[in-house]
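A.B. asks: please find the sequence and the predicted model below.
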Amino acid sequence: MSEIALLILAAGKSSRMRGEDKLMRKVGKTPQLRRIAMAACATSSQVYVTLPDAAHPRAGLLLGLDLRFVPVPEAHLGMGRSIAAGVASLLDPRIHGVMIVPADMPELTQSDLALLSKAFFHGTDQIIQAITRDGQPGHPVVFPKSLFEHLKALSGDEGARAVLRSHRQLIRQVSLPKKHARTDLDTPEDWQEWLSLSHTN
């Protein structure tokens, strides 16, 4: 039976948070990283989380969850390296696709992840890209196994944009509610503004 892996990118430095770790910020009562990891684990039995190293404090947020850590000591080389390392760790032959999930998107829900996963299994040779309700492209993105070698060659801060550009004919867009596919929070001011609007998931 084919499966989809969910790869959560959590190896970044939160450099714009001025010393605070945005993935430890709470959404409701739950730290953001644990919240998105719990949603991923409820979606798939194949969940992978990139971290700067296995002893990083973020690992403590994930205790008790059925997932695998992927250390990325070269994460400073950009998101592309995290994607490459994560995809290289997907050795289970049952895995036929990977959903790239940025860890810093506080509006993503388990229902969103399940919707994208379901869409992928309607055509496992396609790229499934989340978009906002008004049509703006965003995240997560699901890539088929046929593109894994391209993903493993990534580096730099562009993430997987180059793969999307060169295989745009494979993209099928799936709409998520409101701005779930675009909301990420990089600074304390971003978080304060978002929390002041009383967003809940």
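C.D. replies: Received, thanks.
A.B. asks: C-alpha from now on. contacts and neighbour counts both.
C.D. replies: Fine.
A.B. asks: centre-most residue in this structure?
C.D. replies: Geometric centre of the chain, nearest residue: V101, 1.0 Å, by Cα atoms, centre = their mean.
A.B. asks: low pLDDT regions in this protein?
C.D. replies: Low-confidence segments of the chain (pLDDT under 70): 14-19, 198-201.
A.B. asks: make it 50
C.D. replies: 200-201 (pLDDT under 50).
A.B. asks: help me confirm that I8 is found in a helix?
C.D. replies: No. With DSSP: H, G, I helix; E, B strand; the rest coil as the criterion, I8 is located in strand rather than a helix.
A.B. asks: list the contacts of it.
C.D. replies: Neighbouring residues of I8 by Cα atoms under 8 Å, 6 or more residues apart in numbering: A37, V47, Y48, V49, T50, I100, V101, P102, A103.
A.B. asks: quick check: bridge partners of it?
C.D. replies: In this entry, I8 is beta-bridged to V49, V101, by DSSP bridges.
A.B. asks: list the contacts for I4?
C.D. replies: For I4, counting by Cα under 8 Å, 6+ apart, the contacting residues are S44, Q46, I95, H96, G97, V98, M99, S117.
A.B. asks: which one of these is nearest to E20?
C.D. replies: Of all the contacts of I4, E20 sits closest to M99, with 27.1 Å by Cα to Cα.
A.B. asks: nearest residue to S117 in space, ignoring adjacent ones along the chain?
C.D. replies: Leaving aside its sequence neighbours, S117 sits nearest to I4 (Cα to Cα, 6 or more residues apart in numbering; 7.2 Å).
A.B. asks: and the one you found, what helix or strand is that in?
C.D. replies: strand 3-9 (DSSP states H and E).
A.B. asks: next SSE after that strand?
C.D. replies: Where DSSP H and E defines the elements, the next helix or strand beyond strand 3-9 is strand 26-27.
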